[in-house]
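Q: Model the structure of this input:
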Amino acid sequence: MNLKVYLVSHIILITAVCLLATAVYVFYQADRQTRLETRLTAESIDKQLELQLLRSAAGFGQPERFPDFGLWKETSTAPGICVNYLSGHSNLKRSLCNGSATAARSWPAWFEYIYRRAFNPGFAVTRQVTFKGQVQGSASVEPSAEMEIASAWHQVGGLMSLSASTTLALCLLVYFTVNRALDPAQAIVAGLEKMKEGELSFRLPTFKLDEWQRTAKAINQLASSQQQLLSERKQLTVKLMTVQEHERRYLARELHDEFGQCLAAINAVAASISQTAENDCPGLVHDAKNISRITRHMLELLRGLLQRLRPADIDDLGLAASLRSCLEIHLFAHKVSILIMK
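A: Predicted coordinates for the structure are as follows:
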């Protein structure tokens, strides 16, 4: 996989995970804040109702207006909260909602399903209203679940927009930065291709980044060692070829000058013995002919050995090409000897 694509994909993945974790944290804090406001509202309503009962008992209030939620409605700033009062002695029931209890549905069904399963919005808080030790009724405060879901969806929409723009800017920055930082990699790959083709004299240039510089230095050192090793191997090959050629020449000369001449002499002596024995000792003629036959056979074997000992270039390339190759080898050996002496 391309390094730039790899980094960008991982940035997007990490951003998505961070966005999910942030959204869960924001939703959790918002749910806690809603529950805290609901409990505080329930405590405030409870105190207001107890105060109304105390004023009615003292003759300063109007009992028929109990419970009166006017003060709470004037002072409350949280929309979508409903207050319900149920009397414990009669069928009196009164409800009041602050602001809109519902919100226009703008969120998808899957989001509502997940949010309801995770946070249980619209959790109601119930308080018993007591006066002089007696329970007069119960007051419950219930926030609007739709308003809470709408607020959560609005928050996640803002987070997604901010995260998308930030991720896009970060990916572009990383892409172009990495693309520029990887420019030396192209030069390194091109240099390795040249070295692969045999241009061991090629050297990589210096780079600004320390990592690329160390990589280029290591590659240049490897190329230098390979070039030196190849030169030493060529020198050793030339030496081996020279020694082998000397040995072949020595063996060919010895076989031709010594062993061949001896066999030729034996063959001549056997022929002379055969001619002399025809008149003086016919019984030796057969033995002399056997000696001549064995000698000729040995001469043929010797001729085959001499052909195998001569340079193969003469048969494969011809005399002219063989001489040219031999001259080039000697010139190269001469240059190598000069370099060694230096």
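Q: what's near enough to touch Val26?
A: 155-156, 159 (C-beta atoms under 8 Å, 6 or more residues apart in numbering). Just so you know, the C-beta spots here come from the backbone N, C-alpha and C atoms, and that holds for glycine as well.
Q: I misspoke; the intended subject was Phe123.
A: 35, 38, 142-143.
Q: about what we covered before: I'd like the contacts of Val26 laid out as TSV, including pLDDT, secondary structure and distance to Pro121.
A: Shown next, in TSV, are those (pLDDT from 0 to 100; DSSP: H, G, I helix; E, B strand; the rest coil; distance: C-beta to C-beta, whole Å):
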residue	pLDDT	secondary structure	distance to Pro121
Gln155	81	helix	13
Val156	81	helix	14
Leu159	79	helix	18
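Q: Buried subset of those, written for PyMOL?
A: Buried members of the contacts of Val26, defined by 16 or more other C-beta atoms under 10 Å, are picked up in PyMOL with:
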select buried, resi 156
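Q: Among the contacts of Val26, which one lies nearest to Leu96?
A: Gln155 (27.6 Å; C-beta to C-beta).
Q: quick one: the residue nearest to the closest one when sequence neighbours are not counted from Arg116, how far?
A: Leaving out its chain neighbours, the residue that sits closest to Gln155 by C-beta to C-beta, 6 or more residues apart in numbering is Val26, at 5.7 Å. As defined by C-beta to C-beta, to the nearest Å, Val26 lies at a distance of 17 Å from Arg116.
Q: How about Leu309?
A: From Leu309 to Arg116 the distance is 99 Å (C-beta to C-beta).
Q: Gly137 now?
A: For Gly137, the distance to Arg116 - C-beta to C-beta - is 30 Å.
Q: Tell me the helices and strands packed up against the longest strand seen in the chain.
A: Counting residues, the longest strand found in the chain (DSSP state E) is strand 134-143. Secondary-structure packing of strand 134-143 (3 or more C-beta pairs under 8 Å, 6 or more residues apart in numbering; DSSP states H and E): helix 3-57, strand 81-87, strand 125-131.
Q: what would those look like in CSV with mean pLDDT and distance to Asp183?
A: Listed next are the helices and strands packed on strand 134-143 as CSV, based on pLDDT from 0 to 100; distance: least, C-beta to C-beta, whole Å:
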stretch, mean pLDDT, distance to Asp183
helix 3-57, 81, 12
strand 81-87, 78, 62
strand 125-131, 79, 64
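Q: any idea which of those is most buried?
A: Stretch with highest mean neighbour count among these: strand 81-87 (a mean of 19; mean count of other C-beta atoms under 10 Å).
Q: right, and the helix or strand after it?
A: Reading on from strand 81-87 to the C-terminus, the next helix or strand found by DSSP states H and E is strand 93-98.
Q: re the thing from before, can you pull out the residues in contact with the longest strand of the chain?
A: 34, 37-38, 41-42, 45-46, 49, 53, 67, 78, 80-89, 92, 121-130.
Q: show me the contacts for Ala118.
A: Taking C-beta under 8 Å, 6+ apart, one finds Phe27 in contact with Ala118.
Q: In the stretch 201-342 of the chain, where is pLDDT below threshold?
A: Scanning the stretch 201-342 of the chain for pLDDT under 70 picks out the ranges 310-323, 325-342.
Q: SS state for the nearest residue to Ile219 once chain neighbours are set aside?
A: Spatial nearest neighbour of Ile219, excluding adjacent residues (C-beta to C-beta, 6+ apart): Leu204 at 5.8 Å. Following DSSP: H, G, I helix; E, B strand; the rest coil, we place Leu204 in the coil state.
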